[in-house]
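# Kindly return the folded structure for what I paste below:
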Amino acid sequence: MKRPLKIGLLSPYSSIYPFYAAHLTAGILLGMNLDPFRQNQVQFIPAYTKLGSAASTQEAANKLIFFDQIDILSGLISYQSIPDLIPTIDNHRKMGFFFDMGEYIPYFNHLSPEIFYSSQQIWQTQYALGNWAYKEYGDTGMMVMPLYESGYHLSNAFRHGAGDAGSKQMLNHIFPNKTGDWGQTELDVFFADVKKYAPAYVHAIFTGKQSSTFLTAWRASEFYKNIPLLVAENMVYDDVLYDVAHLDFELYATVSWNYDSEDVRNREFVKKFETKGGQKANIFGLLGYETGLALNAVRPQLDKQDWDGAKALLRKESIRGPRGERNFYPQSGFSLPITDVVRIKTTTNKIYKTVVSQGNGLKFDSANFKAIHEGCLSGWQNPYMCI
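The predicted structure is shown next:
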């Protein structure tokens, strides 16, 4: 009997999405046309990486490679961990196929021919949102976020998107707490700044319960009807919006994946995931599914354990998935994502998402890459939302 394909899964802790790993693996199997509950061709071996620091990630990777003898090293990682992983992966010629939310732009000085990425690319939607915001509302927007969210490339990507459209000014308001709760005092200071500076729009970047706390406070404020609110993509996931839908909200965001898209590949993914998994399709299932499509495309090579052949194909080939064309090797130039600018309106019983524009992506040979990196030299090592 042929042994299963062994995939090691680096798994940091996320209090915000504790079941992300199950959704990733279900998506991978569905993309490979395998039944998540009735298959023996693929074996996942998880390894806990705590909050995803470089040291914890390296320790777990060593265990998976040396002790568990995995074929593919995968899992949710931060690009900050990649420099430590590359020597081990390169020396043992393992295939790395990692997931990330897109909180950082890929580091082009830390690439390996053995490593591939399935990314949500939130930084791309942030760039597109900033670009659209200036064209729609003019200059002098205000960004608001806690210290945790400010430690990634998200705010800088938004700033550069607005700057490329013509913006000369951008206000910042950063809540002081890194991961803890902030209270009315911090909100009062923020609202005082809004009143003082009267920004053309406010762009909010929050995660988890803090998203709901901020949205509730904004809805109750005097500014709700007078200043447009733009939010990061993760703040318009349905599970976040359900918590505040009863407030009858209106806000704007850019998204890299539209659940309601009528594209035949998207409807196929949603139907497969919800029929087999019994849960609503989500971004983690999607990222896994796209990876599964890629692995399925090189299935003959994987079945023969022709790892070099599989990697050679993945370096130059792309797949057509729920989000359109996708490729997974940075040096070949990631396909530009289709980014929708959406207006979100909520009621007690319904969330409405209407596409109002198409966003502009940032090409991978853009000079902005270096500028965004250098504008946010962060020590944050944990993957986004792994807190």
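# Need the three-state assignment for Pro87.
Pro87 falls in the helix class when you classify it by DSSP: H, G, I helix; E, B strand; the rest coil.
# so how many other residues sit close to it?
As a burial measure, Pro87 scores 11 neighbours (other Cβ atoms under 10 Å). Where C-beta positions appear, they are placed from N, C-alpha and C, glycine not excepted.
# just the one 3 residues further on next, same as before
Here the neighbour count serves as a burial measure; for Asp90 (other Cβ under 10 Å) it reads 14.
# ranges for the helices of the stretch 101-250 of the chain?
122-137, 147-150, 154-165, 184-197, 209-220, 238-242 (DSSP state H, counting those that start in this stretch).
# would Gly27 count as being in a helix?
Yes - assessed with three-state DSSP, Gly27 lies in a helix.
# Not counting sequence-adjacent ones, nearest residue to it?
Gly288 (2.5 Å; Cβ to Cβ, 6 or more residues apart in numbering).
# Tell me which of the helices of the stretch 101-250 of the chain sits nearest to Asn33.
For Asn33, the closest of the helices of the stretch 101-250 of the chain is helix 238-242, at 26.8 Å, according to Cβ to Cβ.
# other SSEs contacting that closest one?
Judged by 3 or more Cβ pairs under 8 Å, 6 or more residues apart in numbering; DSSP states H and E, helix 238-242 is in contact with strand 351-358.
# circling back: can you add mean pLDDT, distance to Glu325 and mean neighbour count and give the helices of the stretch 101-250 of the chain back as JSON lines?
Below are the helices of the stretch 101-250 of the chain laid out as JSON lines (pLDDT from 0 to 100; distance: least, Cβ to Cβ, whole Å; neighbours: other Cβ atoms under 10 Å):
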{"stretch": "helix 122-137", "mean pLDDT": "96", "distance to Glu325": "14", "mean neighbour count": "25"}
{"stretch": "helix 147-150", "mean pLDDT": "92", "distance to Glu325": "30", "mean neighbour count": "21"}
{"stretch": "helix 154-165", "mean pLDDT": "94", "distance to Glu325": "21", "mean neighbour count": "24"}
{"stretch": "helix 184-197", "mean pLDDT": "94", "distance to Glu325": "40", "mean neighbour count": "14"}
{"stretch": "helix 209-220", "mean pLDDT": "94", "distance to Glu325": "30", "mean neighbour count": "18"}
{"stretch": "helix 238-242", "mean pLDDT": "90", "distance to Glu325": "25", "mean neighbour count": "15"}
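# Any chance of JSON lines for those, columns distance to Glu374?
Output for the helices of the stretch 101-250 of the chain, formatted as JSON lines (distance: least, Cβ to Cβ, whole Å):
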{"stretch": "helix 122-137", "distance to Glu374": "15"}
{"stretch": "helix 147-150", "distance to Glu374": "16"}
{"stretch": "helix 154-165", "distance to Glu374": "9"}
{"stretch": "helix 184-197", "distance to Glu374": "27"}
{"stretch": "helix 209-220", "distance to Glu374": "28"}
{"stretch": "helix 238-242", "distance to Glu374": "31"}
